[in-house]
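Asks: The following block contains a protein sequence and its predicted model.
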Amino acid sequence: MTKFNTINKENINQMVLAFYTKILAEDNGVSKVFKNTLGDDITSDVWQEHIQTLTKFWAMIALQDDEYKGSPLAPHFELPLTKEMFGEWLMMFFELIDSMYEPKQAVVFKTRAEDIAKNFMRVLSL
């Protein structure tokens, strides 16, 4: 697969879909939280809504797009999350990002993901 050397909404959507497909294929704490919360069928309406929300979120992060209007932290307060799960999530995310984007583009996602994870863990007292 040729790696993306630009970031746009289309490849962000491909990345988000590929990432959550990867998560659903795993058997770890992160995948269990997602399966228990959203189900295990990525084609379901619940998952498709989540994919679209996260596409908008990452477009806001990477492209300064203004379509995302949510609160990324709020949904995480009710989930049984651990510090280890954030580590698992980051490891899977970094692997996928490195497989899809050239290094210059990958660093945009990886730096922000790490900052977001640290902030979430701090706010969630993990």
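Replies: Happy to help now that I have it.
Asks: And what about the residue most central in space within the chain, helix, strand or coil?
Replies: Most central in the chain under Cα atoms, centre = their mean is residue 16, positioned 6.3 Å from the mean C-alpha point. For residue 16, the secondary-structure state derived from DSSP: H, G, I helix; E, B strand; the rest coil is helix.
Asks: That one and residue 85: what is the separation?
Replies: The spacing between residue 16 and residue 85, counted by Cβ to Cβ, to the nearest Å, is 19 Å. To be clear about C-beta, it is placed using only N, CA and C from the backbone, and glycine gets the same treatment.
Asks: can you check residue 24 too?
Replies: 15 Å.
Asks: Those two: which has the busier surroundings?
Replies: Per other Cβ atoms under 10 Å, whichever of residue 24 and residue 85 has more neighbours is residue 85, with 20 against 16.
Asks: nearest spatial neighbour of residue 116, skipping sequence neighbours?
Replies: Nearest non-adjacent residue to residue 116, counting by Cβ to Cβ, 6 or more residues apart in numbering: residue 72, 7.3 Å away.
Asks: Could you count how many residues lie near the one you found?
Replies: By other Cβ under 10 Å, neighbour count at residue 72 equals 15.
Asks: what does the one 10 residues further on give?
Replies: By the measure other Cβ under 10 Å, the count of residues near residue 82 is 14.
Asks: was I right about it contacting residue 125?
Replies: No. Between residue 82 and residue 125 there is no contact, the gap being 11.4 Å when judged by Cβ atoms under 8 Å.
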